[in-house]
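Colleague: Everything below, folded, please.
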Amino acid sequence: PLGGSVPCDPGTLGAGPICSYGTVTCACVYNPPDTSQRYWNCTQSQPSCSTTQEPSSVPLTTDPAGQVEQAELGIQGYWWAFSDGGSATQRNGGCEQAGHAPSECSVLTAPSLESSDFPNVDGVMCTSGVVAQVVPKAGSPDPDYNSMWGAMMAADLMNPDGVSSNKPTFNAVAYHVTGFAFDIDSPPPGLRVEVSTPETEVSQPPYWGASVNWQPSPVQAGTNVVRFSEVRTPGVDPAPLLDASRIQGVRFHVPADNTQAKAFNYCVSHFRFLRDGHWAFESDLAGFCPLSSEPADLSGRTSLSWDAVQGAPAPGSAHAVIPFSAANQWLRLAGAPLAPLDISQDLVEGRVLLVAGLSDDAVHPGYARVYVTGQDLVSAMGPWVPLAAGVWTTLALDPTAPDSVSPSGSDLSLSAIVEIGVEVTTSSGAHTYSAADLYADTIGVRPRSTSGAGGDGGTR
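Modeller: The predicted structure follows:
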């Protein structure tokens, strides 16, 4: 019963919250201003079975030459580095071109600018050099911040040849990417973690933790998590938010100032995107859990743990042991987005590997499907897919044309999805049923059209 439309009688059922099903709790209450009849009023809490409630992380792969790729997000680009004064062997930056002596300008000592490659080992990107003290240029009393901006290391996300001047953009919104994370060893003072767009590539790109007084990003040694909601334009109040649908790249900028020259030497590693509504199980369960079941206590008796070895397409998965014992039993494994998702332009997918168990049916021991649930407590399900032991089975759901809806006949609002998961069930036949040992991976939403969702004007 949903939405306070189904009558109930507390005289026979008892007042207060009296019914719970998975994350749904229902109370028999009045619906003001009507105080003559009580109705079911149901609410849903978000599933939580893990201490980690961050979005699933999707790693950015970097080859030894500095080319970056994330095929799942349609990303192809390059790491690069530069300074206002070029490098020790190429003193040809904007600082020198503005009339400053090379000794007055910033200098990059690593990586070398004599090659377009950015050499690295296992995606650990290192840079070093000195940012200059900002001084006036000839004929002006003011510090020349325009020509003496410092040094930076950056990754273009949609620039596969690494040389395009009209860089395409990555649409993070289409993939429900809400930010990124990275590790850093020795963050230099004043470091800004910038996110560039076509409008801000040259001047005043928004950066993490920006304020009206240009304070640095809150970078610390170790792991740092950047949410796009914390990336703003500096120097203005109120500060506009980042347009995450038009991202060119991510930059680590050591700015110059007029107090003194500063040496820097640091490495960035393990760069990954944070993707809401999608579970790749790279390092943990990320809030995924046994949610609801039939019988009701089956979810509480299910074991779920993170596994570092199994996975599809990459290692890392959720390992479940479900103590099935009879026909027509089922269990839902699910997670909750950090905020309700609009999946009107998305498809839903998942993968399941049955190792053993479920039933003694040698051909199809059981079945699985993916599903979503909205804030209105209506669920849409994909078709049941038979499982075969030892094979990764792909599950899919088109939420605009689901195989079934629950409650039957209801309309699902695709603009506010609060639960995404996989349902596993035994069959209804006369079989001997047993605990299912299985793995689940790559569960969540992806853009309906992958052509154009990742980039604006780019190729893949």
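Colleague: Give the burial count for Q260, as a bare number.
Modeller: Q260: 10 surrounding residues under other C-beta atoms under 10 Å. Where you see a C-beta, it was placed from the backbone N, CA and C, and this is true even at glycine.
Colleague: mind checking the SS state of it?
Modeller: Using DSSP: H, G, I helix; E, B strand; the rest coil, the structure places Q260 in coil.
Colleague: pLDDT wise, what is it at?
Modeller: Note on Q260: pLDDT of 95.
Colleague: Likewise for R448?
Modeller: 85.
Colleague: That one: what's it in contact with?
Modeller: Applying C-beta atoms under 8 Å, 6 or more residues apart in numbering, one finds that R448 lies in contact with Q345, D346, L347.
Colleague: now it: how far from G190?
Modeller: Applying C-beta to C-beta, to the nearest Å, the value for R448 to G190 is 43 Å.
Colleague: for A435, same thing?
Modeller: Distance from A435 to G190, by C-beta to C-beta: 57 Å.
Colleague: One more: V424?
Modeller: Distance from V424 to G190, counting by C-beta to C-beta: 52 Å.
Colleague: Compare the two (neighbour count), which wins?
Modeller: Legend: neighbour count by other C-beta under 10 Å for V424 and G190, higher for V424 (25 against 19).
Colleague: Just say helix, strand or coil for P187.
Modeller: Under the three-state scheme (three-state DSSP), P187 adopts coil.
Colleague: Look at it and say how many residues are nearby.
Modeller: Other residues near P187 come to 21 when the count uses other C-beta under 10 Å.
Colleague: Please name the residues that touch it.
Modeller: By C-beta under 8 Å, 6+ apart, the contact list for P187 reads V219, Q220, A221, Y266.
Colleague: Of those, keep whichever come out buried.
Modeller: Neighbour-count burial (16 or more other C-beta atoms under 10 Å) is assigned, among these, to V219, Y266.
Colleague: if we take the contacts of R448, which one ends up nearest to Q310?
Modeller: Closest approach to Q310 among these (C-beta to C-beta): L347, at 23.7 Å.
Colleague: Show me what the helix or strand that contains the closest one is packed against.
Modeller: With elements taken from DSSP states H and E, the one containing L347 is strand 346-359. Applying 3 or more C-beta pairs under 8 Å, 6 or more residues apart in numbering; DSSP states H and E, we find strand 346-359 packed against strand 366-374, strand 385-387, strand 392-397, strand 417-425, strand 433-447.
Colleague: which stretch among those strands comes nearest P323?
Modeller: strand 433-447 (4.7 Å).
Colleague: so the closest one versus strand 392-397, what angle?
Modeller: Per axes from the mean of the first three to the mean of the last three C-alpha atoms, to 10 degrees, the angle that strand 433-447 makes with strand 392-397 is 60 degrees.
Colleague: So what's the gap between strand 433-447 and the chain middle?
Modeller: Relative to its chain's centre, strand 433-447 lies at 19 Å (C-alpha atoms, centre = their mean, to the nearest Å).
Colleague: Can you tell me the strand partners of that strand and which way each runs?
Modeller: Its sheet considered, strand 433-447 pairs with strand 278-279 (antiparallel), strand 317-322 (antiparallel), strand 346-359 (antiparallel) by DSSP bridges.
Colleague: Let me see the contact set for the spatially most central residue of the chain.
Modeller: In the chain, the residue lying closest to the centroid (C-alpha atoms, centre = their mean) is R275, at 1.3 Å. Residues near R275 by C-beta under 8 Å, 6+ apart: P55, S56, S57, V58, L73, Y175, H176, V177, T178, G444.
Colleague: ok, the last one touching E349?
Modeller: Yes - using C-beta atoms under 8 Å, G444 is in contact with E349, at 7.1 Å.
Colleague: Same drill for those two, tell me which one is more crowded.
Modeller: Ranked by neighbour count (other C-beta under 10 Å), G444 and E349 place G444 first, with 26 against 17.
Colleague: And the nearest residue to the more buried one once chain neighbours are set aside, how close does it get to S245?
Modeller: Of all residues not flanking G444 in the chain, H278 sits nearest, at 3.1 Å (C-beta to C-beta, 6 or more residues apart in numbering). From H278 across to S245, the span is 18 Å (C-beta to C-beta).
Colleague: Then W149?
Modeller: To S245, W149 is 27 Å away according to C-beta to C-beta.
Colleague: residues near the residue lying closest to G335 once chain neighbours are set aside, how many?
Modeller: The shortest distance from G335 to any non-neighbouring residue, by C-beta to C-beta, 6+ apart, is to F288 (4.3 Å). Neighbourhood size, F288 [other C-beta under 10 Å]: 28.
Colleague: likewise the one 5 residues further on?
Modeller: S293: 24 surrounding residues under other C-beta under 10 Å.
Colleague: Begin at 32 from now on, thanks
Modeller: Sure thing, new numbering starts at 32, so read that last one as S324.
Colleague: which of the residues in the host helix or strand of it are buried?
Modeller: According to DSSP H and E, S324 maps onto strand 320-325. Using 16+ other C-beta under 10 Å as the test for burial, strand 320-325 gives C320, P321, L322, S323, S324.
Colleague: So what are the sheet partners of that strand and their directions?
Modeller: Counting by DSSP bridges, strand 320-325 is paired with strand 361-366 (antiparallel).
Colleague: Give me the residues contacting the partner strand.
Modeller: Strand 361-366 has contacts (C-beta under 8 Å, 6+ apart) with 53, 78, 310, 317-325, 329-330, 333, 335, 349, 351, 353, 355, 402, 450-457, 471, 474.
Colleague: If any of the residues you listed are buried, put those into a PyMOL selection.
Modeller: Restricted to buried positions by 16+ other C-beta under 10 Å, the PyMOL selection for those reads:
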select buried, resi 53+78+310+317+318+319+320+321+322+323+324+329+330+333+335+349+351+353+355+402+450+451+452+453+454+455+456+457+471+474
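Colleague: right, and the helix or strand after whichever strand or helix holds L139?
Modeller: Assigned by DSSP H and E, L139 falls within strand 138-141. Toward the C-terminus, strand 138-141 is succeeded by strand 156-162 as the next helix or strand (DSSP H and E).
Colleague: Now do the same for the residue of the chain most remote from its centre: its pLDDT.
Modeller: Distance from the centre of the chain peaks at G170, with 49.8 Å (C-alpha atoms, centre = their mean). Predicted confidence (pLDDT) at G170: the value is 87.
Colleague: Counting neighbours, what do you get for P326?
Modeller: P326: 12 neighbours (other C-beta under 10 Å).
Colleague: How much space separates it from R122?
Modeller: Using C-beta to C-beta, P326 is found at 75 Å from R122.
Colleague: neighbours of S234, just the number please.
Modeller: Other residues close to S234 by other C-beta under 10 Å number 8.
Colleague: if we can go back for a sec, between W180 and S276, which has more neighbouring residues?
Modeller: Remark: of W180 and S276, W180 carries more neighbours, 22 against 13, as counted by other C-beta under 10 Å.
Colleague: for that one, what are its contacts?
Modeller: By C-beta under 8 Å, 6+ apart, W180 lies in contact with D115, G125, H284, P286, A287.
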